[in-house]
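Visitor: Pasting a predicted model and its sequence here:
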Amino acid sequence: MKSSIKCLKSLFIITIGSIILSESIYARSRQEVIPAGHWIFDGLSRIVMDSGRTDFVFYGPMTLSEIERHLSKVDYERLSDDAAVRFDQIKEYIEYETPASFGSDMLKIQAELEANLEGYYKNEEAVERVYDRYHQKPLMYIPLKITLEDYFAMSMDLRVAQTQGYKIKHKNYSNVPLAADAFDLNFPHDYYFATGHDFTDSTGLSFIFGTMASNFNRSLSGSVAQSEYFTGATYADLSVWSGNFRYKMNVSQFNPDRYMYTHEIGMLLGSKLQFTARESLFVYAPMELRYLAPWNIFHGFAAWKDYETRREGGESNTCDYMCLKLDYAPVRNTRLYGIFAMDQFQMPTEADDPDDCTPRGFGFQAGTEVFIPFGEGAFHIWLEGTYTDPYMYIKASPNWSLVRYYQDLMGPMQDDFYTEWYGTPWGPDTVGGEISIGYENAGKWSVTLDYLFKACGEYSGDKVFRGLDWNWKDRDKSKAAEADSKYKDWAYPSKDYDGTPGADDAKDKQNYRTPHGTTEYVNRIALRGTMTPAKGLSFMVQPAFTYVINSGNTEGETKKGVEIAVSVSKKFF
C-alpha cells in the first residue's frame, strides 16, 4: 500500500511539474465538456431566463462549443447587471489561458489545480448528511486534458480524496484522507473523449464518450427522470442540434451486461416553450446494436420475450422507460417546468386481472424558478415538488431495475455495495417538495435558505436493498436457479412468492400508493453562505437542522440532527 501511494505521489509531481515548467499558453478547446451540476449551467440558465425565453440549456453535459452557441443568441445590452456578470464569467472561463500547458501550437496537455479544505460535524448518526458525499469536495482536484485545438478534447481527473465509505461515516470530520484505507483509489471518476463540428452558425454535432455527471433537467432536488446524483455510468452520446431542434442518441453502461439505450428529441415551440421526449430501453444482457436504430420505438422489438424468463408474466431482463418534459418561460426571469417519467403503465383491464400482479411505475416533478434583479445581484426563489410511485425504477429483478451498484476498493465499505437510482436520489415511494430562497451577488457572495419536506414510504431511498441476504449481482448462470429461489426477498410483487395465483398479498402490493406502510416524515432546513474575496478563492459555511418523524419507518421513532459544514477552496491555475 505504501509503495502504491509513493508511486502515485511521484507520478503526480512529475506530471504537474512538467506542465507548470512549460512556457506555452493556450486557451480552452471548444470540445471540452462541462458536466451537469457545474456552475456554468446555473449561469447559463440565469442568462437565458433574464432574456425572457427558454432554450436547450437546462441539462448537461455540454461542450463549450454548444455553450458558446447559446451565448451568441443573447442580447448582452439588454441583460440585467447580475446576468451580464454571469455572461462575462462564462466567456472568461471559455477564453481562459492556463499557464499549466505543454505541447505544440495544436496538440497539447493542459492541467488545472484546485485545492479544497473542508470540515464537518453532525450529532446524530441516524440522520443523513445534508452536505453529503455528492457535495463534499476532494482535497485536491486536477483535471488533465489532451486537446487538438477545437477538433477534439480528452480529459481525466486526478484527485486526492476520501473513499465513499469514509465520506458517509458519522464520525468523519474532514475531507483529508488521514488513514491509509481512507484514500480513494477508484479515480479517475470523470473522464471523456469529445469531438464535434459546427456546420453553420446554428447547426452543430457533438460526440461524447466518457463518465461524468449527466441529467435530464436542471433540478433543485434531482431530476425525477435522470439526475446528476446517478454517478459512474459510462456512456456514448451523439447529439445534433439546429436552431429549434435537437436530437440525441445515447448508450449508457450501468454495470457489466447492464445497458440503457436512449433516443431523445427536443423542440423549441417559439421562444417561450420547450418540449423534450425521451424513450429508453434498459437491458440486462450484453450490448446489442439493434437498439441503436434511430427513431426507434423500442416496444416493436418485444425485447422482453428474447431473454431467459425468471419471473411470471413472460417479462424478463428489460425495462422500458419514457420521459416527457415541458419548460415554459411566461415572463422575463421566470420559468415553469414539468416532467413525467414512466417505467410501467397498466391498463385498467390489466390491473383488474386477478392473475396480473404487475405494479404501475410513474414519477412526476414540477417546479418554478424566479429571479428578481436587485442592486448588484438578484433574489432567487426556487420551488419544486416530486412524486414517485412505490415501484418507480423497480422491476421484477434488481438486475433490470433502474439502479447502478458499485463499491470501494478499500476502506470501511469495500465489502458493501452502494446503490444509486437513475432518477431522483429520493428513490421510489416518496412525495415531497423543496423551496430555496436566497440572494446572489454573482462573483462576490450569496446566502440561501433551503427547506425540504418529504414523506417517505417503506421502499424509499435505498431501503429495498437493505438486508438482502443474496448477491443479486451474480452473473454466474450456473447459479440462476439458486438466485431465482431467492426472489422472495425482493420488493416486487409476485404471485409465485406471495401465494397462489390471485393471492391477496401480491395484489395488495400491486396497489400500493405513495407513501405506503409506516411513513417517515423528513423536515430539513439549511442556511448556506458563500463568499469570494479574491479571484479563485472562495469560502462556504452551511449549518443545517433535520427533524425526522418515524425515522427508519418505525412508528414513534423521532430523530433530530444538527450539522455544520465549512469549506475553503482555492484554484491555482
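Guide: All right, it came through fine. Numbers count the residues shown, from 1 in each chain.

Visitor: just so I have it, where are all the strands in the stretch 351-500 of the chain?
Guide: Assigned by DSSP state E, counting those that start in this stretch, the strands in the stretch 351-500 of the chain fall at 361-374, 377-388, 403-406, 418-421, 430-441, 445-456.

Visitor: now swap in the stretch 151-300 of the chain and tell me
Guide: According to DSSP E, counting those that start in this stretch, the strands that the stretch 151-300 of the chain contains are 152-160, 191-198, 203-211, 234-242, 245-255, 258-269, 273-283.

Visitor: Tabulate those (CSV), appending mean pLDDT and distance to Leu402.
Guide: Using the backbone N, CA and C atoms, a C-beta is placed for each residue, glycine as well. Below are the strands of the stretch 151-300 of the chain laid out as CSV (pLDDT from 0 to 100; distance: least, C-beta to C-beta, whole Å):
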stretch, mean pLDDT, distance to Leu402
strand 152-160, 95, 26
strand 191-198, 96, 23
strand 203-211, 96, 18
strand 234-242, 95, 14
strand 245-255, 95, 8
strand 258-269, 95, 8
strand 273-283, 95, 6
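
Visitor: what residue ranges in the protein score low on pLDDT?
Guide: 1-26, 296, 299-300, 308-315, 412-416, 467-488, 495-504 (pLDDT under 70).

Visitor: Identify the residue nearest the geometric centre of it.
Guide: Compute the mean C-alpha point of the chain, and by C-alpha atoms, centre = their mean the closest residue is Glu228, 1.1 Å away.

Visitor: which residues sit in contact with it?
Guide: Residues counted as contacts of Glu228 (C-beta atoms under 8 Å, 6 or more residues apart in numbering) are 35-37, 60, 134, 213-215, 222.

Visitor: let's see it at 10 Å
Guide: For Glu228, the set of contacting residues under the criterion of C-beta atoms under 10 Å, 6 or more residues apart in numbering consists of 35-38, 41, 59-61, 134, 212-216, 218-219, 222, 425.

Visitor: Now distance to Tyr307 and mean neighbour count too, for the strands of the stretch 151-300 of the chain, in CSV please.
Guide: Listed next are the strands of the stretch 151-300 of the chain as CSV, based on distance: least, C-beta to C-beta, whole Å; neighbours: other C-beta atoms under 10 Å:
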stretch, distance to Tyr307, mean neighbour count
strand 152-160, 35, 20
strand 191-198, 31, 19
strand 203-211, 26, 19
strand 234-242, 22, 17
strand 245-255, 16, 18
strand 258-269, 13, 19
strand 273-283, 8, 20
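
Visitor: Go through the ones you listed and name the closest to Trp445.
Guide: The closest of those to Trp445 is strand 152-160. By C-beta to C-beta, the value is 27.3 Å.

Visitor: Report the backbone C-alpha coordinates of that closest one in CSV.
Guide: Only the C-alpha atoms of strand 152-160 are listed here, as CSV (Å, rounded to 0.1, in the frame of the first residue of the first chain):
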residue,chain,number,x,y,z
PHE,A,152,-11.2,17.0,-30.0
ALA,A,153,-10.6,17.0,-26.3
MET,A,154,-9.8,14.2,-23.8
SER,A,155,-9.8,14.6,-20.0
MET,A,156,-9.2,12.5,-16.9
ASP,A,157,-9.3,13.7,-13.3
LEU,A,158,-6.7,13.1,-10.7
ARG,A,159,-7.7,13.6,-7.2
VAL,A,160,-6.7,13.2,-3.6
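
Visitor: mind listing what that strand pairs with, with the direction of each?
Guide: Neighbouring strands of strand 152-160 in its sheet, by DSSP bridges, are strand 140-148 (antiparallel), strand 191-198 (antiparallel).

Visitor: and these as CSV, adding distance to Gly204?
Guide: Converted to CSV, those look like this (distance: least, C-beta to C-beta, whole Å):
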stretch, distance to Gly204
strand 140-148, 18
strand 191-198, 4
